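*Asks:* Sequence first, predicted coordinates after that:
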Amino acid sequence: MQATPLPTGSSFSQNIFFVVIAIIVAIAAGLMATSIFSRMNTVPSGITREGFQGPTFGVSDIPCGQESAEARALVELFYDKQSTTEEGNPDLNELKQILSKLCCMKHDLMGVSQVVQSMLYIPYNNTHDRENPADTVARCFTKSIPPRDLDITFGTWKQRGLVLINKLCTSYNVSSNETERATQLFTGVWTDVFSIAKNACSPPPTSENESPRDLKGHMPESIQDLGPYTGYY
């Protein structure tokens, strides 16, 4: 029976060298892959992917809450309180919806990408919405919302929000000072976003060199001087 020859010292050293090189290459590839994937994940909360305006979720109890300290403070007024009526929790959830629409609208309008991102999955509520919230922001990017329609949209949000605050302050036994503060906080959020939307959503006045057939929003002269709509929406 012929014995298997043992490897010589030179061949054994070569095998060790190749093994060490393979280990070094594997470690380098792993570090490079880890660096690439960590740079791709820009969201601290890990919930969803965001652009450069900051995360939509993970900062507050309401979507896009990082856009308004006043919105967060308003919701926090009811955190440590207990509702005395059955309508308390549903009313609070609806108020959070309105606040999230205001904050996410600001997040999208102020974003550098100019796409409907944060508002895309905010649900429609026929109690306080005139149209799908995502459609409203999309029309803003094309500047195709007449000022009158924008007033109606924001007026409905404000009217419903103030009604909900009055109901919540009664249901949660909030003091008169806190009730006044809640109204001021909501009005502050609403005013901030409305001022941004007026500059971003409505078409500029038509000049002499432009035509109603231009590819943009157009408001006929016959309705430009109409006053606020005070009828039933």
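*Replies:* Yep, it's here.

*Asks:* how close does residue 142 get to residue 183?
*Replies:* 34 Å (CB to CB, to the nearest Å). To be clear about C-beta, it is placed using only N, CA and C from the backbone, and glycine gets the same treatment.

*Asks:* neighbour-wise, which of those two wins?
*Replies:* residue 183 (16 against 12; other CB atoms under 10 Å).

*Asks:* Not counting its neighbours along the chain, what's nearest the more buried one?
*Replies:* In this structure, residue 183 finds its nearest non-sequential neighbour in residue 165, 6.0 Å apart by CB to CB, 6 or more residues apart in numbering.

*Asks:* Name the SS class of that neighbour, please.
*Replies:* Three-state call for residue 165 (DSSP: H, G, I helix; E, B strand; the rest coil): helix.

*Asks:* Next: the one 4 residues further on.
*Replies:* Secondary structure for residue 169, judged by three-state DSSP, is helix.

*Asks:* tell me, how many neighbours does it end up with?
*Replies:* 20.

*Asks:* picking up where we left off before, you'd agree the residue nearest to residue 183 is up against residue 182?
*Replies:* Yes: applying CB atoms under 8 Å as the test, residue 165 and residue 182 come out as touching, 5.1 Å apart.

*Asks:* quick one: buried residues of the helix or strand residue 138 falls within?
*Replies:* Following DSSP states H and E, one finds residue 138 within helix 133-141. Neighbour-count burial for helix 133-141 flags 133-134, 136-140 (criterion: 16 or more other CB atoms under 10 Å).

*Asks:* Show me the helices in this structure, by range?
*Replies:* 9-40, 69-76, 88-109, 133-141, 147-171, 176-201 (DSSP state H).

*Asks:* List the contacts of residue 74.
*Replies:* 95, 99, 182, 185-186, 189 (CB atoms under 8 Å, 6 or more residues apart in numbering).

*Asks:* I meant residue 109, not that one.
*Replies:* Neighbours of residue 109 in contact, by CB under 8 Å, 6+ apart: 137, 140, 196-197, 200-201.

*Asks:* any idea how far residue 143 is from residue 98?
*Replies:* Residue 98 is 24 Å from residue 143, by CB to CB.

*Asks:* which one of those two has more residues nearby?
*Replies:* For the pair residue 98 and residue 143, the greater number of neighbours falls to residue 98 (24 against 14), based on other CB under 10 Å.

*Asks:* wait, the more buried one sits on residue 127?
*Replies:* No: applying CB under 8 Å, one finds residue 98 not in contact with residue 127, separated by 9.5 Å.

*Asks:* Span of stretch 107-117 from start to end?
*Replies:* Stretch 107-117 has an end-to-end distance of 9 Å (criterion: CA to CA, to the nearest Å).
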